[in-house]
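Enquirer: Give the three-dimensional model of this entry:
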Amino acid sequence: MSRSLPELLAASPITVAEVIAIGGRLRKGTVRIEEVLDENISPAHRGERLDDVVKLIARVRRAERDREEIRDRLDSRTRKLSANKHKELNEQLANIAAKTHRLLRALPLRRTVIERIAERVRQLLEPASKAQREVDALQTRLGTESPVIRRLLRAAEEENRFGIAARTQLRRLGLTDAEIPSIRSFLFSAPRMVRRVEERAGVSTSDLADLYEALVRAAAPSKPERINVVVDPTKTSGVGPARKRGQAYVEDPMVRRAIEVHAMNLASDYYEAQGFMVEDASRTRPFDLHCHRGSEEVRVEVKGTRSEGTEILVTAAEIVNARGDRWRTDLFIVGLIEVTRATDGTLLGRGGAPRVIEGWRPEDSDLIPTQFRYLVPPEISS
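Expert: Sure, this is the predicted structure:
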């Protein structure tokens, strides 16, 4: 069962801290209330709503301070606590979590704010995710599990027959003598990296990754922003070939749908031919296809266009999802799609030149801002 946004925000001290930071910016006037809340605020009630939100977040801050104090008592190594006291303090933690959840329910945050919180979680998770990716790559390269590699590396430090045997075994696995010191340092530091991330997050890295994914879903528009096609301004009907390099929006929803369906069908056929189980996720997730093959997970962003497809339009939620670390994201582009009209008047997409970018992870330098959200200042009555 999916959790509500307030439950997600209350799930980790990191997300709670992000909400508290928003309160600080509102109090200092460095951010406007209209930039934070997803609601229409009349100029007459703007000051009152701002005060209410600042006070509410102050209560969240006090609850978080109480939680930290209780957490410190539970984690103390110098102060012994009885079983009854442990139970009492854990009950207090549960009550504080419920209180924080209730408070956050009164904050209808904008999607852009949720995206920023999700990005903060991703940044925190990244070092642990990177370490795990490197461990996975080492295990794949050597064909054995990391605990076995650690035992061999530890034994290889000994100057005896066991050390000689361990170094010999490491060479057989594919490690050179020059690599052993750096690999040893990395493998024994990776768990410490994970623990540091978990201490900061207040949850396990697995739970933190789940939180990140859930926040990305929460930030996704309820109706996916389908900006998948190119308009040819010389065609008033919207039907016919186009040969532009980049994408634009097609006003005719029937043309837009025909191109979208054609691109999705080609992408589904491609991944099914690769042995994946394919699910259409476009209506509820910030990506289009959810593909599984055994334990392998691939999320696919599908872009269909009548242009060459050398430039595409993407949403912020799509970028955040593509930068996730627990799954692979592919970009499936179908350029040069033609739209034809069947005898019954139905518009159909056909043809096209598919291109697949596996492991798609767009960098900031690859993105060009083409649109901004402007908050119109309130009218000042004379």
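
Enquirer: How are the helices of this protein distributed by residue range?
Expert: Secondary structure of the chain (DSSP state H): helices located at 5-9, 13-28, 33-36, 46-75, 83-104, 111-142, 146-156, 161-173, 180-201, 205-219, 253-273, 316-322.

Enquirer: what's the closest of those helices to Arg299?
Expert: Comparison of these against Arg299 by CB to CB identifies helix 316-322 as nearest, at 6.6 Å. Where C-beta positions appear, they are placed from N, C-alpha and C, glycine not excepted.

Enquirer: got the CA positions of the closest one in PDB?
Expert: C-alpha atoms of helix 316-322 as PDB (Å, rounded to 0.1, in the frame of the first residue of the first chain):
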ATOM      1  CA  ALA A 316      11.600  17.300 -13.900                       C
ATOM      2  CA  ALA A 317      10.100  14.100 -12.500                       C
ATOM      3  CA  GLU A 318      11.500  12.100 -15.400                       C
ATOM      4  CA  ILE A 319      15.000  13.500 -14.700                       C
ATOM      5  CA  VAL A 320      14.700  12.700 -11.000                       C
ATOM      6  CA  ASN A 321      13.700   9.200 -11.800                       C
ATOM      7  CA  ALA A 322      16.400   8.700 -14.400                       C
END
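
Enquirer: tell me the average confidence for it?
Expert: What helix 316-322 shows for mean pLDDT is 82.

Enquirer: which residues are contacting it?
Expert: By CB atoms under 8 Å, 6 or more residues apart in numbering, the surrounding residues in contact with helix 316-322 are 111-112, 115, 118-119, 122, 216, 219-221, 285-287, 299, 301, 329, 331, 360-362, 367.

Enquirer: Please produce a markdown table containing the helices of the chain, extended by mean neighbour count.
Expert: As requested, the helices of the chain are exported to a markdown table (neighbours: other CB atoms under 10 Å):
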| stretch | mean neighbour count |
| --- | --- |
| helix 5-9 | 21 |
| helix 13-28 | 18 |
| helix 33-36 | 18 |
| helix 46-75 | 15 |
| helix 83-104 | 14 |
| helix 111-142 | 17 |
| helix 146-156 | 17 |
| helix 161-173 | 15 |
| helix 180-201 | 15 |
| helix 205-219 | 21 |
| helix 253-273 | 19 |
| helix 316-322 | 22 |
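
Enquirer: Quick one: low-confidence residue ranges for the stretch 101-250 of the chain.
Expert: Across the stretch 101-250 of the chain, the ranges flagged by pLDDT under 70 are 220-250.

Enquirer: Swap in 50 and give it another go.
Expert: With pLDDT under 50 as the threshold, the stretch 101-250 of the chain has low-confidence stretches at 222-244, 246-250.

Enquirer: quick one on the thing from earlier: out of the helices of the chain, which comes closest to Thr346?
Expert: Closest among the helices of the chain, using CB to CB: helix 253-273, at 8.1 Å.

Enquirer: So which elements touch that closest one?
Expert: With contacts taken as 3 or more CB pairs under 8 Å, 6 or more residues apart in numbering; DSSP states H and E, helix 253-273 sits against strand 277-280, strand 289-293, strand 296-304, strand 328-341, strand 347-357.

Enquirer: Neighbouring strands - and their directions - for the fourth one?
Expert: According to DSSP bridges, strand 328-341 has the following sheet partners: strand 296-304 (parallel), strand 347-357 (antiparallel).

Enquirer: that older thread, for Arg306, which of the helices of the chain is the nearest?
Expert: Across the helices of the chain, Arg306 has its closest neighbour in helix 253-273 (6.8 Å, CB to CB).

Enquirer: contacts for that closest one?
Expert: 226, 228-229, 238-239, 250, 278, 280, 282, 288-289, 291, 298, 300, 302-306, 332, 334, 337, 339, 347-350, 352, 354, 356.
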